[in-house]
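Visitor: Sequence plus the predicted model coming up.
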Amino acid sequence: MEPINIDITILAPVQKVWDYYNDPKHITKWNFAHESWQCPKSENDLKVGGKFKNRMEAKDGSFGFDFEGIYDEVIPNERIKYHMEDGRNVDLNFDKIDENATKVRIAFDPEKQNSVEMQRDGWYAILNNFHKYVENH
């Protein structure tokens, strides 16, 4: 299947966008698709061969899972590539537009359980949450 592509422009310098995307103290504040969910814990070893693990949970405790991956490429302030445990790949690009604007582009391999539209909407909701968090903090 073709990768799913999403992007968003954030009115913040690329260094801030990079830091907020990768620092666990920030990840726990934005990494969920809906306000009924939370990300109570995040671990991130941002280097080639390093791992990340983000705990995703419904606030009511009804469901939760760990979202994990291993980094394949890390170019600070520019690009991150990783693969998930099931072998799917994710490619993130941080494009500096100017001193105060950054475009974040994500291409990810879809999984087979949910529709492409549902996956795109879910990932975009998280990216939009990130966008709001960065611009307001």
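Guide: Done, it's in.

Visitor: Remind me which helix or strand Leu127 belongs to.
Guide: helix 116-136 (DSSP states H and E).

Visitor: Quick one: distance of that helix to the chain centre.
Guide: Distance of helix 116-136 from its chain centroid, counting by CA atoms, centre = their mean, to the nearest Å, is 8 Å.

Visitor: In terms of secondary structure, what does that helix contact?
Guide: Here helix 116-136 touches strand 4-10, helix 14-22, helix 24-30, strand 101-108, going by 3 or more CB pairs under 8 Å, 6 or more residues apart in numbering; DSSP states H and E. C-beta here means a position set from N, CA and C on the backbone, and glycine is covered the same way.

Visitor: Nearest to Glu117, out of these?
Guide: With CB to CB, the closest approach to Glu117 among the helices and strands packed on helix 116-136 belongs to strand 4-10: 9.4 Å.

Visitor: and the angle from the closest one to strand 101-108?
Guide: 170 degrees (axes from the mean of the first three to the mean of the last three CA atoms, to 10 degrees).

Visitor: So that it lines up with my notes, have the first residue be 12 from now on.
Guide: In the new count, where the first residue is 12, that last one comes out as strand 15-21.

Visitor: List the contacts of strand 15-21.
Guide: 28, 108, 112-121, 127, 130-131, 134-135, 138-139, 141-142, 145-146 (CB atoms under 8 Å, 6 or more residues apart in numbering).

Visitor: Please produce a PyMOL select command covering the buried subset of those residues.
Guide: The following PyMOL line selects those of the contacts of strand 15-21 that are buried, judged by 16 or more other CB atoms under 10 Å:
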select buried, resi 28+113+115+116+117+118+119+120+121+130+131+134+135+138+141+142+145
